[in-house]
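In: I'll drop the sequence and a predicted model, then ask my questions.
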Amino acid sequence: MKQTISFVTLGVSDLERSRRFYRALGWRESSGSQAAVAFFQVGSIAFALYGRAALAADAGVDAAGTGFPCFTLAHNVASEAAVDSTLAEAVAAGGRLVLAGERAPWGGFRGYFADPDEFLWEVCFNPFFPLDDDGFVRLPE
């Protein structure tokens, strides 16, 4: 299997609310979006929003799952100040501050917000994995 992730799809409870939230963060929705699904290009990955019940049905699983989903999404930024400003931007767009920016035990600086469906986003400045000229994290081989 080729080592890649093509799509990250979130099953959301209110698709229009989630569309508004991500648009308020300045994300541009793809013209390939449809009434039932929203697509956003994020670097080399497609990020999608899809109704929770429809996504569960598509996968053949129960949509009633609750609690911590055992994953977070992450957005790395170029500085500690950018962590704080990005967290503030997410809150202004309708997100919920989960953890204010703080020094991480491993030496970076990070905080967390939750989107309208409580998906957790880490906003992080990681001095060990700086962003390249295109704004992407490049891990060492």
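Out: Received the coordinates, thanks. Numbering: from 1, shown residues only.

In: per-domain residue ranges of this structure.
Out: 1-59, 69-128 (automatic domain parsing).

In: can you put the ones you listed in JSON lines and add distance to Asp134, mean pLDDT and mean neighbour count?
Out: Glycine gets a C-beta too; all of them are placed from N, C-alpha and C. Output for these, formatted as JSON lines (distance: least, CB to CB, whole Å; pLDDT from 0 to 100; neighbours: other CB atoms under 10 Å):
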{"stretch": "domain 1-59", "distance to Asp134": "8", "mean pLDDT": "91", "mean neighbour count": "14"}
{"stretch": "domain 69-128", "distance to Asp134": "12", "mean pLDDT": "93", "mean neighbour count": "16"}
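
In: Save those domains as JSON lines, and put in distance to Val137 too.
Out: Output for the domains of the chain, formatted as JSON lines (distance: least, CB to CB, whole Å):
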{"stretch": "domain 1-59", "distance to Val137": "9"}
{"stretch": "domain 69-128", "distance to Val137": "5"}
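
In: residue contacts, Leu97?
Out: Residues near Leu97 by CB atoms under 8 Å, 6 or more residues apart in numbering: Leu87, Ala90, Val91, Gly111, Tyr112, Phe113.

In: which residue ranges form the strands in this protein?
Out: Here the chain has its strands, by DSSP state E, at 7-12, 37-42, 45-51, 73-76, 96-103, 109-114, 120-125.

In: so what strands line up beside the longest one?
Out: Spelled out, that is strand 96-103. strand 109-114 (antiparallel) (DSSP bridges).

In: got the angle for the longest helix that the chain contains vs strand 96-103?
Out: Ranked by number of residues, the top helix in the chain under DSSP state H is helix 80-92. If you take axes from the mean of the first three to the mean of the last three CA atoms, to 10 degrees, helix 80-92 sits at 170 degrees to strand 96-103.

In: For Glu80, give me its contacts.
Out: Residues near Glu80 by CB under 8 Å, 6+ apart: Gly101, Phe109, Phe125.

In: List just the nearest of the residues you listed to Thr9.
Out: The shortest approach to Thr9 among the contacts of Glu80 belongs to Phe125, at 27.2 Å (CB to CB).

In: quick revisit: next, give me the two most distant ones among the contacts of Leu97.
Out: Val91 and Tyr112 (11.4 Å).

In: Lovely, talk soon.
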